[in-house]
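Peer 1: please work out how this folds:
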Amino acid sequence: ANITQDVLQTLLCSNVPLQPDEVFASLDAAFPQGIDPRTSTCIFSGLAKRRALDTALLALCWHGMNDYILNAYHFNAVIDACSGIGMWSDALRLFSIMGQSEVQLDTITFNATTTACERGGKWQEALQIVSAMVPSEVKPNTITFNTSICTCEEGGNWETALWLITEMRQSKVEWDTITFNASI
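Peer 2: Presented below is the predicted three-dimensional model:
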């Protein structure tokens, strides 16, 4: 845990985002023998919590350049960072990269990407993400539907919001307070 905190401190020490070569050099220096997936997850989560999207994206690149294992936790943390600062296009790009790689998409991936689209006011893109769940065999949950319904409502597309509410019921996905409020 100490090395993780040291690396995060190094990567986040400046008020100005580090240049790519500075991020790569910091990670190379901290992990000359390679990095294990659990430590990577801690790094990505720490960067996401601090909304350091540029640095997180560079850390993803560094992992790929060094053939280190990337998994859904890593991508999900970075997509969550995108969502937190309204960078829906970056979230979609990462979602697409995951879909083209061997990294398994999961419900969290879909939800984080849909949330990024919702926060960016992109209801059509959010619906495309939800529709991509069917061929991937990942099941939507309450969060998936609620985010999509709220996005449609915010975009003035109440017909699609009603369709999603019906779909949610048919899928036997549990409703919560957000669902009930959205359906009124």
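Peer 1: how about the spatially most central residue of the chain, what does it touch?
Peer 2: Centroid-nearest residue in the chain, with C-alpha atoms, centre = their mean: Ile79, separated by 2.2 Å. Contacts for Ile79 (C-beta atoms under 8 Å, 6 or more residues apart in numbering) come out as 91, 94-95, 109, 112-113, 116. Glycine gets a C-beta too; all of them are placed from N, C-alpha and C.
Peer 1: next one: Val103
Peer 2: Counted by C-beta under 8 Å, 6+ apart, Val103 has contacts 70-72, 75.
Peer 1: these, buried ones only, as a ChimeraX selection?
Peer 2: A single ChimeraX command selects the buried members of those (16 or more other C-beta atoms under 10 Å):
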select :70,71,72,75
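Peer 1: tell me which two in the contacts of Val103 are the farthest apart.
Peer 2: Spanning the widest gap among the contacts of Val103 are Leu70 and Ala72, at 8.7 Å by C-beta to C-beta.
Peer 1: what about Ile178, how many neighbours?
Peer 2: The tally of other residues near Ile178 (other C-beta atoms under 10 Å) stands at 15.
Peer 1: leaving out the residues flanking it, which one is nearest to it?
Peer 2: Nearest non-adjacent residue to Ile178, counting by C-beta to C-beta, 6 or more residues apart in numbering: Asn146, 4.6 Å away.
Peer 1: wait, doesn't that neighbour sit right on Thr179?
Peer 2: Yes - the criterion here is C-beta atoms under 8 Å, and Asn146 meets it with Thr179 at 5.7 Å.
Peer 1: so where is the protein shaky, pLDDT-wise?
Peer 2: When residues are selected by pLDDT under 70, those of the chain lie in 1, 183-184.
Peer 1: quick one, helices of it?
Peer 2: Remark: helices assigned in the chain by DSSP state H are 2-12, 20-30, 37-49, 53-65, 72-84, 88-100, 107-119, 123-131, 133-136, 142-154, 158-170, 177-182.
Peer 1: tell me how far stretch 44-64 is from the chain's mean position?
Peer 2: Relative to its chain's centre, stretch 44-64 lies at 11 Å (C-alpha atoms, centre = their mean, to the nearest Å).
Peer 1: ok, stretch 26-44 next?
Peer 2: The gap between where stretch 26-44 is centred and where its chain is centred comes out at 20 Å by C-alpha atoms, centre = their mean.
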